[in-house]
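A.B. asks: Next input, structure requested:
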Amino acid sequence: MHSHSKYIPQQMQELSGTDINKCMKCGRCSAACPTAKDMDIMPHQFISHLARGDVSTLLNSNSLWQCLSCFACVQRCPRGVMPANLIEAARLIAIRPKGAEHLSVEEAMLQLEPDMPQQLIIAAFRKYS
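C.D. replies: Predicted coordinates for the structure are as follows:
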């Protein structure tokens, strides 16, 4: 899948600006997550997989795409771990090698709906440009 997968956990931490070693597995992030019921890997489990270097499971998880980036997990964490940032970093790692799926700004503008939340629009520009 990814030729340098042993470096991906470190890359995810660098992209996200978070330290997974601070996580104490309390589960508050998952309890706060509005989409946890739809995730195959919850936010606190995501950090555990990353700590074990289980990158393949994370990058193939539907949780990457279920996360709303609402940052409820970040707000609830007593140790300042940022699961939403790690999930976003994993999304970027999953998408970037596919290069051909990137959209130009013009193409992205054609996909917008008038009632789309601004956060969705910004996230789409980051991911697909």
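A.B. asks: When you work out contacts or count neighbours from here on, use the C-alpha atoms and nothing else.
C.D. replies: Noted.
A.B. asks: Figure out the length between the terminal residues of stretch 49-59.
C.D. replies: One end of stretch 49-59 sits 11 Å from the other (CA to CA, to the nearest Å).
A.B. asks: what about the spatially most central residue of the chain, distance to residue 65?
C.D. replies: Residue closest to the average C-alpha location in the chain (CA atoms, centre = their mean): residue 87, at 1.7 Å. Using CA to CA, we find residue 87 at a distance of 9 Å from residue 65.
A.B. asks: Please apply the same query to residue 78.
C.D. replies: 25 Å.
A.B. asks: Over to residue 76?
C.D. replies: When distance is defined by CA to CA, residue 76 is 21 Å away from residue 65.
A.B. asks: between those two, who's got more neighbours?
C.D. replies: With neighbours defined as other CA atoms under 10 Å, residue 76 and residue 65 compare such that residue 76 has more, 18 against 12.
A.B. asks: these two touch, right, the more buried one and residue 33?
C.D. replies: No. In this structure, residue 76 sits apart from residue 33 without contact. The criterion is CA atoms under 8 Å, and the distance is 9.5 Å.
A.B. asks: where do the helices sit along the chain?
C.D. replies: Read by DSSP state H, the chain holds these helices, from start to end of the chain: 8-16, 28-32, 43-52, 55-59, 63-66, 72-76, 83-95, 105-111, 118-128.
A.B. asks: For the second one, list the C-alpha coordinates in CSV.
C.D. replies: Spelled out, that is helix 28-32. As requested, C-alpha coordinates have been extracted for helix 28-32 and formatted as CSV (Å, rounded to 0.1, in the frame of the first residue of the first chain):
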residue,chain,number,x,y,z
ARG,A,28,-13.7,10.6,26.7
CYS,A,29,-13.0,11.5,23.1
SER,A,30,-15.1,8.6,21.9
ALA,A,31,-17.9,9.4,24.3
ALA,A,32,-18.1,12.9,23.0
